[in-house]
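In: need a 3D model of the following:
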Amino acid sequence: MNQVIGSQSISFGVSPYLISSGSVVGSKESEGPLAKLFDMASQDDLFGAKTWEEAESNMQKEACILALGKAHIPPEKVRYLFGGDLLRQGIATSMGIEALQIPMFGLFGACSTSGEALALGAMCVAAGYGDYMLAVTSSHFGSAEKEFRFPLGYASQRPLSAHWTVTGSGAFLVGTEKSHIRISGVTIGKIVDYGLKDSQNMGACMAPAAVDTIMQNFKDFGRKAEDYERIVTGDLGYVGQDILFDLIKKKGSDIRTMHLDCGMTIFDQKTQDTHAGGSGCGCAAVTLAAYVLPKIKKGEWKRVLFVPTGALMSTVSFNEGASVPGIAHAIVLEHC
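Out: This is a model prediction of the structure:
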């Protein structure tokens, strides 16, 4: 029986399984430390399309097809799809998965969308609403820069606190079919706003939300940092990681020895000039699919807390001078 625990968490009585995943990335990601681990890497960041937005849609479609193909599950067997991206009205998702004809929920959690999608998919499976759910998200450097900052042709200078948006898409099949990875619980995050307004310093904006969700997970499940072999954040980067460590230490915990940040893992900061690290919905998603899940599957990591982080801003809110609040969702992944 599923159990609502604490104020923000669910512990699944019968855990849904993370059956398969698919990862698709662009050229810069295929030159980084994880290059050989991705399912598909393209040297053409347009992915055969004419626009960045269409390219991102193509990535999502390919990631879904890969995840379904690995499990030998046709699209018509998937009850619901949970997906989202960074673009206005979620057009990368709606255009990307249209051909699959799976009933879908469009999500927006900024760069935390992979966690939001996985949580909702797992909750639906655990509640008995279907045997298979698909979670997918994506981001694209070209489309994100055009949407939130400046078109690439403008050649705007980037401060050292800025992130490099990952061109990538990750899809995950969650269901009742047994695998070596189960989702044993989730902690849904709250919006946390420290009043920061710098859109070129996303790590600082998101770190307080990551702290809030991680500490709430510890409290709700009655655990401490040492109960997890890895605590994986989405894209806090080098600036956000320092803030994360400081804030958590003030709350009486230390996660330095088990922390891993996807934004710091996917790129080589020195040779690829990515400043504070990678970011975007695709950052956490493809790193989870290509790097984290295989280690859990092999039993190298027995229990992992996956905490993708998001900065809840839009071009309108930024131009009107609003602060950039953050959110983070935690997914408990276990080897079985």
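In: which residues sit against stretch 99-107?
Out: Stretch 99-107 is contacted from outside by 61, 64-65, 75-76, 78-84, 90, 93-94, 97, 113, 116-117, 120, 134, 137, using CB atoms under 8 Å, 6 or more residues apart in numbering. Placement of C-beta: from N, CA and C, glycine included.
In: alpha carbons of it, as CSV, please.
Out: The C-alpha trace of stretch 99-107 is given here as CSV (Å, rounded to 0.1, in the frame of the first residue of the first chain):
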residue,chain,number,x,y,z
ALA,A,99,3.4,11.2,-34.1
LEU,A,100,3.5,8.7,-31.1
GLN,A,101,-0.2,9.3,-30.4
ILE,A,102,0.1,8.7,-26.7
PRO,A,103,-2.3,10.5,-24.3
MET,A,104,-0.1,13.2,-22.8
PHE,A,105,0.2,15.7,-20.0
GLY,A,106,2.3,18.8,-20.8
LEU,A,107,4.5,19.9,-17.9
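In: now do the domain split for this protein, please.
Out: What automatic domain parsing lists as the domains of the chain is 3-175, 181-335.
In: how about JSON lines for the ones you listed, with mean pLDDT added?
Out: As requested, those are exported to JSON lines (pLDDT from 0 to 100):
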{"stretch": "domain 3-175", "mean pLDDT": "91"}
{"stretch": "domain 181-335", "mean pLDDT": "93"}
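In: could I get those domains as JSON lines with mean neighbour count?
Out: Shown next, in JSON lines, are the domains of the chain (neighbours: other CB atoms under 10 Å):
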{"stretch": "domain 3-175", "mean neighbour count": "21"}
{"stretch": "domain 181-335", "mean neighbour count": "22"}
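In: roughly how far does the closest residue to Met313 other than its chain neighbours sit from Lys250?
Out: Taking CB to CB, 6 or more residues apart in numbering, and ignoring the residues beside it in sequence, Met313 has Val324 as its nearest neighbour in space, at 4.6 Å. Distance, Val324 to Lys250, by CB to CB, to the nearest Å: 22 Å.
In: so Gly326 is in contact with Lys190, correct?
Out: No - applying CB atoms under 8 Å as the test, Gly326 and Lys190 come out as separate, 9.9 Å apart.
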